[in-house]
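*Asks:* mind folding the following:
(chains A, B, C and D)
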Protein chains: 2
Amino acid sequence: MATRRQRTERRADALSKERIVEAAIEILDTDGERALTFRALTQRLATGPGAIYWHVENKGDLLAAATGDVIARVMTDVPEGTEPREAIRTMALGLFDAIDAHPWVGAQIAGEPWQFAMLQLFEGMGGQLKALGVPESAQFGAASALVNYSLGVAGQNAANARLVEPGTDRTAFLSGVVDQWVRLDPAKYPFVHQIAKQLVEHDDRDQFLAGVDLILAGVGTLG
Amino acid sequence: MATRRQRTERRADALSKERIVEAAIEILDTDGERALTFRALTQRLATGPGAIYWHVENKGDLLAAATGDVIARVMTDVPEGTEPREAIRTMALGLFDAIDAHPWVGAQIAGEPWQFAMLQLFEGMGGQLKALGVPESAQFGAASALVNYSLGVAGQNAANARLVEPGTDRTAFLSGVVDQWVRLDPAKYPFVHQIAKQLVEHDDRDQFLAGVDLILAGVGTLG
DNA sequence: ACCTGAACACCGTTCAAGT
DNA sequence: ACCTGAACACCGTTCAAGT
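*Replies:* Next up is the predicted model:
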């Protein structure tokens, strides 16, 4: 009797949606989006495609689940009592870091619906805006601005990550971009020339946060 | 002699990268991203895949060219003498409308590098920020915020467009989303409940512009 | 209920052959 | 120089058959 298994208990190597999603995330992180195929997945899980399809609707479902998993981890509660502006920065930065670590999430965001993750972002941002004293009529718009800005940066980060070869040095890559920029006609592209130097030195994270602060400063003028 | 053709002259039905990109855009606009295959393209252009590959590097190249084409049209010059703030609004709205009309561009943005189109956006936004009197040290960050925000909205619009069936009514779709939202625990998601009503009524374009204004207001506090 | 794996339909891409 | 179209390697997905 003591050794009787519960109904929900499974063999340790039993398949499950969680194990499949976990394996998918590993493949995506280590070998990139193109490497995630059902053949790679069947090999890693030592099974056939049919077994995977028993747990997962299709590839889109799998990708959505993987994206949801990563985003869910970001939305860990900000410590109680954190100042609203700081709480917003923390959440935004969490999103930034998560997509920096898993660039495929950034690409996925523009492609598939977010649904729940999106909703959590709105709830998190919106609650803090309320605490900040932003007028109710402006809260939706302000939350939307913060979320969309963060997603825009995420998408571009993902695009850049895909552009550079996995091994490439970041500075070397940016230098190459700048080389192209300065070759342009300065009369037609004065601003691009001006920011060319800053491009190599700038910190993506800092600039992202500066953008969040810019939106928050704009929100401050509404009060 | 009078009938002698110039070297660069071609038969009217001759293939060219422009004609291929044009056909690709038509397929993307009318039938969506999934419909753009080399078979669909060869059929429409009455040729073989090899002919297309003579003019185009690969599918990524084709998609990038199509995206570039659409974005280039957006960056039509804003009338000389337009007030800077208004010029920024016009450019941002042009981007919004273009991606509203060609949702696949929004998805493409997060995926492939923009390169030239991106650069044009920065140049356009940056020049106006300079005219606005934004301190030089803040111009890069402000331009980046405006561009990334616009791209974020674009990406989400594209995702939503892909989510709804081509024929679906917008209001009906949003009502469905709201139905799901209000089913959530109000104690855990008070903000989502609060904005649920606004979601159905709100105008995407207006809200996008409001976000641009929010960033511009933030920029105004820097002066 | 869950897994196996052969098979199907389709895709991007190549290439020898033509003009 | 440019085009043709058969062929290749690979992919997501299905399904009859097993346990």
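*Asks:* and the nearest residue to A:V182 once chain neighbours are set aside, what pLDDT?
*Replies:* Excluding its sequence neighbours, the residue lying closest to A:V182 (Cβ to Cβ, 6 or more residues apart in numbering or on different chains) is A:A196, at 5.5 Å. (C-beta placed from N, C-alpha, C; glycine too.) Looking at A:A196, its pLDDT is 93.
*Asks:* residues near A:A196, how many?
*Replies:* 18 (other Cβ atoms under 10 Å in any protein chain shown).
*Asks:* quick one: low-confidence ranges for chain A?
*Replies:* Low-confidence segments of chain A (pLDDT under 70): A:1-13, A:76, A:110-115, A:164-167.
*Asks:* and the residue in it that DNA strand C sits nearest to, what element?
*Replies:* In chain A, no residue comes nearer to DNA strand C than A:G50, which is 1.9 Å away by Cβ to the nearest atom of the strand. Element membership for A:G50 (DSSP states H and E) is helix A:49-55.
*Asks:* what's the angle between the longest helix that chain A contains and helix B:136-163?
*Replies:* If you go by DSSP state H, chain A has its longest helix at helix A:136-163. Here the directions of helix A:136-163 and helix B:136-163 differ by 90 degrees (axes from the mean of the first three to the mean of the last three Cα atoms, to 10 degrees).
*Asks:* please report the distance of the residue nearest the centre of chain A from A:Q108.
*Replies:* Centroid check for chain A by Cα atoms, centre = their mean gives A:I99 as the closest residue, at 3.3 Å. Look at A:I99 and A:Q108: by Cβ to Cβ, to the nearest Å, they are 10 Å apart.
*Asks:* likewise A:E201?
*Replies:* 30 Å.
*Asks:* kindly report the same for A:G48.
*Replies:* For A:G48 relative to A:Q108 (Cβ to Cβ), the value is 26 Å.
*Asks:* stretch A:67-85 spans what distance, first to last residue?
*Replies:* 27 Å (Cα to Cα, to the nearest Å).
*Asks:* right, is that stretch up against chain B?
*Replies:* No: against chain B, stretch A:67-85 shows no contacts by Cβ under 8 Å from any Cβ of the partner chain, the least distance being 11.5 Å.
*Asks:* buried ones in that stretch?
*Replies:* For stretch A:67-85, burial by neighbour count (16 or more other Cβ atoms under 10 Å in any protein chain shown) applies to A:67-71, A:74-75, A:78, A:82, A:84-85.
*Asks:* filter these by proximity to DNA strand D?
*Replies:* Here nothing survives when the buried residues of stretch A:67-85 are matched to DNA strand D using Cβ under 7 Å from any atom of the strand.
*Asks:* out of those, which are inside strands?
*Replies:* Using DSSP state E to define strands, no part of these is located there.
*Asks:* which two of these have the greatest separation?
*Replies:* Pairwise distances across the buried residues of stretch A:67-85 (Cβ to Cβ) peak at 28.8 Å, for the pair A:D69 and A:R85.
*Asks:* what residues does chain A put near DNA strand C?
*Replies:* With Cβ under 7 Å from any atom of the strand as the criterion, chain A comes near DNA strand C at residues A:14-15, A:46-51, A:53-55.
*Asks:* tell me the contacts of the residue in chain A that chain B sits nearest to?
*Replies:* With Cβ to the nearest Cβ as the measure, A:G152 is the residue of chain A nearest to chain B, at 2.8 Å. By Cβ atoms under 8 Å, 6 or more residues apart in numbering or on different chains, the contact list for A:G152 reads B:147-155.
*Asks:* distance to A:A143 for these - can I get that in CSV?
*Replies:* Output for the contacts of A:G152, formatted as CSV (distance: Cβ to Cβ, whole Å):
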residue, distance to A:A143
B:V147, 20
B:N148, 17
B:Y149, 13
B:S150, 17
B:L151, 18
B:G152, 13
B:V153, 13
B:A154, 18
B:G155, 17
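*Asks:* I'd like to know which of those residues are buried.
*Replies:* For those, a burial check counting by 16+ other Cβ under 10 Å picks out B:147-155.
*Asks:* for whichever strand or helix holds A:T42, which outside residues touch it?
*Replies:* Element membership of A:T42, judged by DSSP H and E, is helix A:38-45. Helix A:38-45 has contacts (Cβ under 8 Å, 6+ apart) with A:15, A:19-20, A:23-24, A:26-27, A:31, A:48-49, A:51-52, A:59.
*Asks:* okay, A:E201 and A:Q108: which has more neighbours?
*Replies:* Using other Cβ under 10 Å, the more surrounded residue of A:E201 and A:Q108 is A:Q108, with 27 against 8.
*Asks:* and that one, what is it in contact with?
*Replies:* If you count contacts by Cβ under 8 Å, 6+ apart, A:Q108 has them with A:63-64, A:66-67.
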